[in-house]
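Novice: Give me coordinates for this.
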Amino acid sequence: MNYEPIINQKSPMTYLPSPQRYHDMPYRRCGKSGILLPALSLGLWHNFGGVDVFENYRSILRLAFDSGITHFDLANNYGPPYGSAEENFGHLLKKDFTAHRDELIISSKAGYDMWPGPYGNWGSKKYLVASLDQSLKRMGLDYVDIYYHHRPDPETPLEETMAALDLIVRQGKALYVGISNYRADDAHKAIGILKKLGTPCLIHQPKYSMFERWVEGGLLDVLEQEGVGCIPFSPLAQGMLTNKYLNGVPQDSRAAKSSGHLQTGQITDDKIEQIRKLNDIALGRNQTLAQMALAWLMKDARVTSVLIGASKPEQLADSLKCLQNTAFSTEELNQIETILHNQP
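Specialist: Residues are numbered from 1 along each chain as shown. I've put the predicted structure just below:
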């Protein structure tokens with residue numbers, strides 16, 4: 001199979017998708033639903049906001065679709081500034097993908113800070129419904145395919161939040177709903193409420209990587225039992241599972257700048273040693289560390305799709321090569337667990 005996508009640096013005015021776009025990408029069933037998702041999906045958390053370069057993120061989206069990535073994941077406050085990723089995506093959807101809307105799974109979320117005052121955060125019905133209305137306007141859509149509650153709200157009754165998701169589907173503003181960042185117990189309760197309301201939970205989006213394993217403490221079992229899909233985000237642990245930190249913390253890295261979610265203190269000597277040892281295993285598999293980290297998540301059949309980001313088309317093309325080798329030997333898996341201080 002050919003996993004060498006063609007990167008078109010000079011974006012033509014008229015975009016013609018590759019006729020081979022469905023040839024190499026594997027698709028996995030999302031839980032017990034009728035939906036199939038690509039093994040890799042594209043998240044627009046970073047690099048698609050108002051501060052970013054149009055031609056760059058346009059090239060990323062075109063390459064993604066040309067390569068069989070049919071799922072684009074957004075949220076109300078992706079940017080910066082808030083809302084700008086959805087606005088930019090809406091412009092590109094109109095310019096490049098209008099004829100292909102029915103080939104796409106487009107998702108958005110609400111649950112984090114979006115606008116001032118008591119109604120622009122968390123999980124009330126007012127916030128979720130109003131936020132989706134705004135998201136649809138920004139993207140120029142009548143509906144999204146998946147709408148998530150982005151994080152649990154400790155103050156709002158879970159019944160209200162799930163009833164809002166049910167209402168949104170019945171209004172025709174979303175085809176499916178999901179949850180994100182819910183721990184196993186809360187996820188189980190939310191899934192049960194949605195099932196009783198008649199709007200099944202399609203998918204859960206948790207943070208999951210070799211370095212972030214909390215989902216293995218019951219959540220994956222809940223999702224399997226309930227027939228709910230799983231789409232991990234941050235699969236490269238904010239860049240730690242790449243070759244960026246093999247020789248320490250580079251000055252231009254996210255950790256060095258102490259911006260975002262990755263801080264310098266997280267890159268300890270022990271962590272760097274783990275990264276180097278994992279990189280040795282990846283080299284033995286003819287992969288980069290990032291490619292192996294993505295493939296490692298795919299080894300679990302409960303993982304429907306892995307949500308990746310990209311700062312440039314070349315980075316996306318590199319990530320796509322993980323699909324060339326997603327199988328692991330028992331020896332490799334045991335070595336990885338030993339490096340991560342887990343008993344195989």
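
Novice: Next up, the contacts around the residue nearest the centre of the chain.
Specialist: When the chain is reduced to its mean C-alpha position, the closest residue under Cα atoms, centre = their mean turns out to be residue 307, at 2.9 Å. Shown in contact with residue 307 (Cβ atoms under 8 Å, 6 or more residues apart in numbering): 41-43, 73, 205, 231-233, 235. Glycine gets a C-beta too; all of them are placed from N, C-alpha and C.

Novice: ok, so of these, who is nearest residue 60?
Specialist: Closest approach to residue 60 among the contacts of residue 307 (Cβ to Cβ): residue 42, at 7.5 Å.

Novice: tell me the secondary structure for the closest one?
Specialist: Taking DSSP: H, G, I helix; E, B strand; the rest coil as the rule, one finds residue 42 in the strand state.

Novice: Excluding residues flanking it in the chain, which one is nearest it?
Specialist: Of all residues not flanking residue 42 in the chain, residue 64 sits nearest, at 4.7 Å (Cβ to Cβ, 6 or more residues apart in numbering).

Novice: Can you pull out the low-pLDDT segments for the stretch 151-300 of the chain?
Specialist: Segments of the stretch 151-300 of the chain classed as low confidence (criterion: pLDDT under 70) are 250-265.

Novice: can you map out the strands along it?
Specialist: Across the stretch 151-300 of the chain, reading from the start of the chain, the strands by DSSP state E, counting those that start in this stretch fall at 174-180, 201-205, 229-230.

Novice: I figured residue 276 hits residue 243, correct?
Specialist: No: using Cβ atoms under 8 Å, residue 276 and residue 243 do not qualify as a contacting pair, with a distance of 9.8 Å.

Novice: got any residues that touch both of these two?
Specialist: Listed contacts common to residue 276 and residue 243 are nil; contacts here mean Cβ under 8 Å, 6+ apart.

Novice: is it fair to say residue 96 lies in a strand?
Specialist: No: the secondary structure assignment for residue 96 gives helix rather than a strand, going by three-state DSSP.

Novice: before we move on, the earlier item: quickly note the distance from the residue nearest to the centre of the chain to residue 297.
Specialist: 10 Å (Cβ to Cβ, to the nearest Å).

Novice: Mind listing the shared neighbours of these two?
Specialist: Contacts common to residue 307 and residue 297, judged by Cβ under 8 Å, 6+ apart, are 232, 235.

Novice: follow-up on the earlier one: and the residue nearest to residue 42, how many residues sit next to it?
Specialist: Close neighbours of residue 64, defined as other Cβ atoms under 10 Å, add up to 24.

Novice: With that, I have no additional questions.
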